[in-house]
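Participant: Got a predicted structure plus its sequence, pasted below:
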Amino acid sequence: MRARELPQAIRELMERDQAAAQDNHIGPTHDEHSSVDISMDCDVDDHVRRLRSGSEALFAIVGAPGVGKTALARKIYRKLRDDFSTRRWVHVSTGAGNLTIWSGDTMERDAVAGTMIRELLSRDDVSGLLLVIDNVRDDDGWGFLASSEEGFLARNVRVVVTTTHTDVARRMGVNPRSCCHRVSALGEKDGWLLLRGAAGLKEPHAVGEVQELGRCIVRKCGGVAVALETVGFNLRFRDRVGSWQKEHDADLVVDYQEIRRRIEASYMELEYRLKRCFLYCALYPEGFVLEQRHLVQQWIAEGFFLDGGRRENTATRPRQDLEREARQCYKELVKRSLLELVAHTNGARATMPALLRSYAIYRSESENFVGDPRPSNGTGNGDPTPSNDTGNGGPSDIGNAFRTWRLCVPDENAVRAIPEKSAPSLVRTLMVLGGGSSSRPQGDAADGARPSQLMDYICRKFTGLRVLDLRDTQVETISGCLLQRLLQLRYLNLSSTMITALPPEVGKLLVLQFLILKNCSYLTSLPTEVGRLSHLRCLDVSGTPELRDIRFRLANLQELNCFRGFLPSVGDWAFRDLSGHSKLTSLQVLKIGSSTRWREAAELRLNDKTRLKDLELCCTPPTTSVDEPLLDDEEDAEDARLTSSIARVLDALEPPQQLATLKLAYLDGVELPSWVSPAHLTGLKQLTLHGFSNAQRLPPVGGMRNLEVLAITGSISLSEIGDELRGGSYVVHDEPAFPRLEQLSLARMRELREWSSGIQVGDMPLLRHFQISMCPRLRRLPPWLQHCTALTSLKVLGAGEIKEVEDLPALKELEVRNCGCLERICNLGGLQNLEIVGCSGLSDVQDVPLLRSLRLHEFTEQLPQWLSLRPPPRSLRWLEIVARKDLLDMCSAELAPYGHVIQNAAEHVYAKTVDDGSVYFSYSRSTGQFYRSLACRNHAHGDRAVRPVTVHVAPPQNTTTGAPRAESTTMHGHRISEIRLILYFAVLVAVQCFILWSSKSK
């Protein structure tokens, strides 16, 4: 197409998408609320800096529906107005062939075909172009972008994409590690500002009960900007508590079509299997941390992975890739932003956003019930779940469901309240989460019923169960004659309960696939009949210290692919029993000690198990078997013999090269096996070395090309980390060590003093998170951290001798905790969030120009001097202080000793008590008003003591002579209540005088 023909083609296609042309929200000219703009300023500056750098041409903004992806793109689009001669904004309605395009900032919009964008980008005469493609749902029609990046860089063309799916961005050519930015939901503070602004609520009314209700609404919306704006506009200029309470009690998904429509678009794109898995996640309580392993097992037990809809029994099928398919569904939900990964868990844990969970409950209310079936005045161990939390219209609605297949109730007593009309025999999944305790009670339960009867009650009523999750409940015994009634049971989780043994009738659960007995501290035996569970896919008995009596063999459990807590040479278990288990993908071996024979370990033939991805080997400290104490020479000889024996066992347990996760624990005095090397573990992604008490050197793992997570904990003797960790002989010349490492953690290393050598400039190019904890003698941070350009998160916990944290330009988040010798935090040009807990020696925080949020946890009776000596950066929006009430009283008013410090510190200040974390007082610079809670006012009235406090005052920020000079002023803590009382009497006298004067005048 010729350049002169382009305007005519656009005009001809203008009528193709009139619906999109009616929606002003999809274009670049729509204005977000100012609080949304302010909250994302740092992200905007970071994107603008990278777009201007010219190193990359394709960028993506990813996030859940409604969190603000388009708003962030608009800010970037506007800020780069002068950097690009041509700007285009494209909104995708239903696919690459149905687009709406804006030119610059004009309101004129034209609908164009997807090929038009492709032709525009492929023209050689187009340069200096910024293209934003908003709301991309799939990569169909956009694949040409991936092959055009080099040409874009040469012609100064930049493309920014917004999508909910990280894989869509990757297939469009975006580098997921360096150019893919995930937008998180707004925090409670920013969310409250957005809600308050959208509601037009003025400061005098934005306090007290209205503020508390507003914060609850923010949590209910999950920080989703679109939901908060929608609710805020409905509350426009309504400042009465009743209106806010009504909105708080409403079902947002049911009552607001706009909110439901945003989520519906993403939900309807899911295939049937993904929809079922997504809805299942809503069974867990709000905020519950979902473990990938448990979710995958429960989905399989429910039968979500049947081929072609055939209603065949998954336990009798020969397929072994069910776990792989289920894990893929889990990853897909994460990539679509329908689940949020928990930070630093390597994808093993996730949470479900509150608003998405409400929608899932709304969609599945005919089959699932989440909440408390007891009426509002019912009794039990805990308060009934409010109806607005369940999303089912009220607790009594369980009996009105068409067919309740899945239940999640908060405690054990709620199980008994499930009505008969809900057909409990048809229930497939029953979870009892949130109301139990795994400690043995003293006497009978509070309600008169013995907690151990819970399991018996379930076996009588819920005979059709496939999934039974009773973790953390008070189950003590199980009746065998009742347990055998659960003939359809596939998943049984009794983790952290008080059971001591399983009944022999467990062998009659012929289709049981997953048996989870993790952390059952009182479990002592497993019956012979467990060996008859030929369809068992997972057995987890880890964390059972009393387990001694094991009466079944493992040879018949040929379907086993996950085995946690294998105890060699205990009971009837032996290494050779697992030699034929070729389907193992996860294995944990415990208590490898002096009684373990290396020849028997070799019979396991671990290297032949090509499906094995997760391996954990845990040893026990070497002990002698004689009663008389040994002499020194004899003791040394015995230790050497035992150490050599354990080392040979570990060498015999050589895993396959495809291993992805490895943990070695409690290798006291034992050298690492020879197979822990880059030459053998070529596919290793996660390595944990725990409890190396006497280790003097670390293994050479720098050459592991795929290693992403490295954790070293519990080394007592290691005093210095040098070149050995990098492993020079395994690192290719001119290539970086640890090329893919993203997370590095050092913990409980009591003698570690220094890590100053070994890592070179250019190593660890992708390191994002570094944590040091419980290293009391570490003198300073590793100097090579300054060269880690991707490092954005740093935690320093319990490092008692570190004095400075400085010169880390890429750092965005910093947490320092219990570092008594820490003196300075400075020259952190990109720092945005800072948390300081228990660092009494800290005297200086400076050169943090982008600091946005500061959290102080003070155990002393005064604020740190640096907060008043040096004016905080103007970018600081939030200051949160957690302290004792006595200190907070000295900050809670304008005339209080620290009142002027609070007024000059940040735009918004929140103070919370150490005791319960409740808000004690707050301050807003925009109005200059302090809001004190009822607890604050009562404490101020009750405390009559007045003591002098020395406060160091910062000089004015516009001073021009020399260095800032600290001015010391002594101020007395006047009681605010007394001042108010004096003013009250003064006004009263003035009114009386005015009345007398008026009467005399008449």
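Facilitator: Yes, it's here.
Participant: quick one: least confident helix or strand in this structure?
Facilitator: Sorting the helices and strands of the chain by mean pLDDT, DSSP states H and E puts strand 967-972 at the bottom, at a mean of 37.
Participant: how about the strands in the stretch 351-500 of the chain?
Facilitator: Secondary structure of the stretch 351-500 of the chain (DSSP state E, counting those that start in this stretch): strands located at 368-370, 406-409, 429-432, 467-469, 491-493.
Participant: partners of the third one in the sheet?
Facilitator: Spelled out, that is strand 429-432. strand 406-409 (parallel), strand 467-469 (parallel) (DSSP bridges).
Participant: Now tabulate those strands in JSON lines and tack on distance to Phe369.
Facilitator: Where C-beta positions appear, they are placed from N, C-alpha and C, glycine not excepted. Listed next are the strands paired with strand 429-432 as JSON lines, based on distance: least, C-beta to C-beta, whole Å:
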{"stretch": "strand 406-409", "distance to Phe369": "5"}
{"stretch": "strand 467-469", "distance to Phe369": "14"}
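Participant: out of those, which comes closest to Asn556?
Facilitator: Asn556 lies closest, by C-beta to C-beta, to one member of those: strand 467-469, at 23.3 Å.
Participant: Give me the distance from that closest one to the chain's centre.
Facilitator: 25 Å (C-alpha atoms, centre = their mean, to the nearest Å).
Participant: weakest of the strands paired with strand 429-432 by average pLDDT?
Facilitator: Lowest mean pLDDT within the strands paired with strand 429-432: strand 406-409, at a mean of 90.
Participant: Quick one: distance of it to the chain centre.
Facilitator: Strand 406-409 has its average C-alpha position 24 Å from the chain's average C-alpha position, going by C-alpha atoms, centre = their mean.
Participant: what's that strand in contact with?
Facilitator: 280, 283-285, 367-373, 398, 415, 418, 427-433 (C-beta atoms under 8 Å, 6 or more residues apart in numbering).
Participant: related to what we said a few turns ago, the strands of the stretch 351-500 of the chain into a markdown table, with extra columns for mean neighbour count and distance to Leu725?
Facilitator: Below are these laid out as a markdown table (neighbours: other C-beta atoms under 10 Å; distance: least, C-beta to C-beta, whole Å):
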| stretch | mean neighbour count | distance to Leu725 |
| --- | --- | --- |
| strand 368-370 | 25 | 48 |
| strand 406-409 | 24 | 46 |
| strand 429-432 | 22 | 44 |
| strand 467-469 | 23 | 42 |
| strand 491-493 | 23 | 39 |
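Participant: Those strands: which one's closest to Glu616?
Facilitator: The closest of the strands of the stretch 351-500 of the chain to Glu616 is strand 491-493. By C-beta to C-beta, the value is 20.0 Å.
Participant: partners of that closest one in the sheet?
Facilitator: Strand pairing (DSSP bridges) places strand 491-493 next to strand 467-469 (parallel), strand 514-516 (parallel).
Participant: Generate a markdown table for those, with distance to Ser534 as supplementary columns.
Facilitator: Formatted as a markdown table, the strands paired with strand 491-493 follow (distance: least, C-beta to C-beta, whole Å):
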| stretch | distance to Ser534 |
| --- | --- |
| strand 467-469 | 20 |
| strand 514-516 | 13 |
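Participant: Among the ones you listed, which comes closest to Asn904?
Facilitator: strand 467-469 (52.3 Å).
Participant: Let me see the mean pLDDT of stretch 858-875.
Facilitator: Rounded mean pLDDT across stretch 858-875 is 83.
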